[in-house]
Every structure is written in structure tokens, then in C-alpha cells.
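K.L.:
What would the 3D arrangement of this be:
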Amino acid sequence: MFKRTSAVNKILKMQSRIRVIQGGTNAGKTYAIIPILINRAIKEQRIKITVVAETLPAVKEGALDIFKTIMVETNRWIENNWNASALIYTFTNGSRMQFKSFDSDGKAKASGKRDILFLNEANHIPFIIADALMIRSSETYIDFNPDNEFWVHTEILEQHNSEFLLLTYLDNEGISKETLEDLMIKKEKAKTSNYWANWWRVYGEGQIGNLQGVVFSNWQTIDTIPDEARLLGIGLDFGYTNDPTSAIAVYKWNDKRIVKELFYRTGMVNGDIANALPKDAVIYADSAEPKSIEEIRRRGLQIYPVTKGKDSINYGIDVMQQQEYLVTSDSTNLIKELRGYCWDVDRTGKTTNKPQGKNDHAIDAWRYHEMESISTNKGVYNIY
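P.N.:
The predicted model follows:
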């Protein structure tokens, strides 16, 4: 249930035209800003509020999901007021909240003026787009995790019309005990590890840091898969109760590969998996699940176990680091994994040659395809 937190109270005290809210993980930044915007929309006649994130899937799974949850929990949601295709909610007094993403400054300029702008996870939004939106907005809220310094620090906070607020998990009285327990474990690790010390600085204390040792930097996003792109195959990583089952499709397009998240869900039995996969694609799956592979094969799919050896993870990473990739913007779980997939460190903070073995389900599925397709003649894969 929605809870009014210290984060809400502190943001409400901000007065400047541009309100910058920097904070760590689970600080309740977005959960505080969205209800403030809802109340503004209800109390003020015919105002226009625009909520923007990096991509449309990001805004749907983040700010929009929070908006719907709070509206329902506070008994304010009216289904007939919601335009699902345009992602616009119109309040009974004529005020509107719209949820959008922009892939160019031209589209941002063409979106017109608004009363209030909210740039959600703004460190993933290019400055040229953010600037085009802010200059056409009477008020702006900006939130982000401070992975590193970006345009809000070098451009916006230099302006006299901006105001800064730092939030941490301590400002979120609604944090779950499980999440708090996990944070305290990481806080302890920070005492003996440079890596975790930096992590805690960013995500625990909300201070500017730099996520060290990211494994993959050879990728960028793409909105749609071009018609001329050719499907090479699919990687599949099994999960069930706690870990999701993940499937990643890999395409070839000119001199690059395009990857797309097909599904990323818990609770999938083998029949569900088979129904969700295309029948005409070559699939490479985790060899630790031979029974599952056989059951899926008996449903008519071309599925094969990957060859896994002692150094197969590092071999697969090496293969993937030699390519340039485009990741579809709706592959939200894969993108989240890529941004946090780092080389592990020892107790002294020294980087090892092993990746951290967590939050890598989509990456594992992707890796299965890439490492296996090079060592086999199955499918339509061509080395280039």
C-alpha cells in the first residue's frame, strides 16, 4: 500500500523551477514524485504533466506502473479516463498525465509545451532530448541513481533556477525488511572491498560514483528490428520459482548483431516455454536441463544443449566482446542486467577474471547462443 514517506515530504518542500532528486536504490524517489504529480493534477485545473523515461518499455514498467498502482490503491483510478494507446490519463477536471519516451530532440520539440515535466532515470536520457523538453516546461522534476556524473551535474545544477535533493533508503519508510536486509549485507561488504565500497557509495548513500568493471560496453539500443535482419537463433536459460526462464533471439544485420528479449518469466513449465518459442528457429539451451530439452524437442522444436566446460563462461564472454551489438529497447530485463554485469572482485577490491554470478539470466541465454553457434554447423549461422 502507498505510504507517505520522508522522501515525499522533502520533495514537497522544493520550490525551484527545476527540482533535481538524486538518490540511492530503494530511496523511494519515483514512488514519491508520482503521487505528488497526481495530487497536482487533481487540485489544479487542466494542467498537462509529461512523464518521460529512456524508452517506452522503461516508462511502462517503471513510472506508469507506479502511477496505476497508486491510483488504484488510493481509489482514484477511473478506467474510462485512461487512453491505453496514447498512454494518457485524463482527470475529471481536465488535467492530463501522459507517459512518453523520445528518440530524437526533434520529436521532443514537436511534443509542445507542458506545465510539469518528470524525467525519470534521467541519466539514461540524452541531454539534447532532456533540454528540448525542459525548455518547454514550466516545472521539471528529475530523478536518477548517481552511477556517475552526467549532464544534470555539469549543466542543470549550474543554473540558478535549479534545486538539489539527496535521498537514501533511510528516507523511504516503506522499504521492505527483505530489501533492507540485503542492503545491510552490502554495507558490510563495503568495509573490506573497493568494489562494494563504490557500490554502497552510489546505491546506499546516493553519492556520485562509477560502476567499476562492467563486462560489456559494446552495445547500444535500437527501437525496432529492420526487415532485412536475419534470425540466427535463440538462447534459452531455464528457471522456475526464484529465477526466471529467459529466451534471447539473435539476429544478423549488416556487420552487427541485434538481440531481443523474447521472454523473462518465472513459473514457466516446459509446455509454456515450447509454446512461446518459434518453431522454425534453432535454440541453444542450458545443458544442465536434459529432461526439459528433450520434452521441448518432442514438441517439434529444434533445441540443442550447449557444450559447457570449465572456462565456458569466459569463452562465451570473449566471443561476445568481439562483436558489436544492438539491443532492442523493449529488452528491459536484458538491458538492466547488462548495466550491472561486472567482473567480480576479491576482498581487497582487486578485479578477478570471473563475472559476478547473479542477475545474469538473460545474459546467460544470450551467451549460450553465441558460444554454441560458433562451434556447430546447426542453423543458419555464418562466421564473419
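
K.L.:
Okay, strands next: where are they in the stretch 151-300 of the chain?
P.N.:
Counting by DSSP state E, counting those that start in this stretch, the stretch 151-300 of the chain has strands at residues 162-167, 219-222, 230-237, 245-253, 256-265, 282-285.

K.L.:
Tabulate those (JSON lines), appending mean pLDDT, distance to Val8 and mean neighbour count.
P.N.:
Backbone N, C-alpha and C define where each C-beta goes, glycine included. Listed next are the strands of the stretch 151-300 of the chain as JSON lines, based on pLDDT from 0 to 100; distance: least, CB to CB, whole Å; neighbours: other CB atoms under 10 Å:
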{"stretch": "strand 162-167", "mean pLDDT": "96", "distance to Val8": "10", "mean neighbour count": "17"}
{"stretch": "strand 219-222", "mean pLDDT": "89", "distance to Val8": "32", "mean neighbour count": "16"}
{"stretch": "strand 230-237", "mean pLDDT": "96", "distance to Val8": "39", "mean neighbour count": "23"}
{"stretch": "strand 245-253", "mean pLDDT": "96", "distance to Val8": "35", "mean neighbour count": "23"}
{"stretch": "strand 256-265", "mean pLDDT": "96", "distance to Val8": "31", "mean neighbour count": "20"}
{"stretch": "strand 282-285", "mean pLDDT": "96", "distance to Val8": "46", "mean neighbour count": "26"}
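
K.L.:
Need the per-residue pLDDT for Arg347.
P.N.:
Looking at Arg347, its pLDDT is 63.

K.L.:
can you check Leu211 too?
P.N.:
59.

K.L.:
Repeat that for Gln207.
P.N.:
What the model reports for Gln207 is a pLDDT of 89.

K.L.:
ok, Glu372 - contacts?
P.N.:
Gly235, Tyr284, Tyr304, Val306, Thr307 (CB atoms under 8 Å, 6 or more residues apart in numbering).

K.L.:
how about 6 Å then?
P.N.:
By CB atoms under 6 Å, 6 or more residues apart in numbering, the residues touching Glu372 are Tyr284, Val306.

K.L.:
just to revisit the earlier point, what's the closest of the strands of the stretch 151-300 of the chain to Ile34?
P.N.:
strand 162-167 (14.4 Å; CB to CB).

K.L.:
Which strands and helices lie in contact with the closest one?
P.N.:
strand 18-23 (3 or more CB pairs under 6 Å, 6 or more residues apart in numbering; DSSP states H and E).

K.L.:
Please repeat the previous calculation with a cut-off of 7 Å.
P.N.:
helix 6-12, strand 18-23 (3 or more CB pairs under 7 Å, 6 or more residues apart in numbering; DSSP states H and E).

K.L.:
Report the mean per-residue pLDDT for the longest one.
P.N.:
This means helix 6-12. 96.

K.L.:
got a list of contacts for that helix?
P.N.:
The contact list for helix 6-12 (CB atoms under 7 Å, 6 or more residues apart in numbering) reads 21, 27-29, 32-33, 35-36, 165, 167, 171-173.

K.L.:
again, 6 Å this time
P.N.:
Against helix 6-12 from outside (CB under 6 Å, 6+ apart): Gly28, Ala32, Leu165, Leu167, Asp171, Asn172.

K.L.:
How about Trp326, nearest residue that isn't a chain neighbour?
P.N.:
Careful, residue 326 is Leu and not Trp. Ile222 (4.1 Å; CB to CB, 6 or more residues apart in numbering).

K.L.:
which residues pair with that neighbour across the strands?
P.N.:
Thr328 (DSSP bridges).

K.L.:
Look up how far Val327 lies from the closest residue to Gln323 other than its chain neighbours.
P.N.:
Excluding the flanking residues, the one nearest Gln323 by CB to CB, 6+ apart is Arg257, at 5.7 Å. Going from Arg257 to Val327 by CB to CB, to the nearest Å gives 10 Å.

K.L.:
ok, now Thr140?
P.N.:
28 Å.

K.L.:
Okay, now the unreliable bits of the protein?
P.N.:
The chain contains residues with pLDDT under 70 at 1-2, 210-212, 346-350, 357, 374-384.

K.L.:
A helix includes Tyr141, no?
P.N.:
No - under DSSP: H, G, I helix; E, B strand; the rest coil, Tyr141 falls outside any helix and is assigned strand.

K.L.:
Now do the contacts for it.
P.N.:
Tyr141 makes contacts with Arg19, Ile33, Phe118, as judged by CB under 6 Å, 6+ apart.

K.L.:
From the residues you listed, pick the one nearest Thr241.
P.N.:
Once CB to CB is applied, the member of the contacts of Tyr141 that ends up nearest Thr241 is Ile33, at 33.5 Å.

K.L.:
Where does that closest one sit: helix, strand or coil?
P.N.:
Strictly by three-state DSSP, Ile33 counts as helix.

K.L.:
From Ala32, how far off is the closest residue to Gln207 other than its chain neighbours?
P.N.:
In space, and not counting its chain neighbours, Gln207 is closest to Arg201: 4.8 Å by CB to CB, 6+ apart. Look at Arg201 and Ala32: by CB to CB, they are 22 Å apart.

K.L.:
Fine by me, we can end here.
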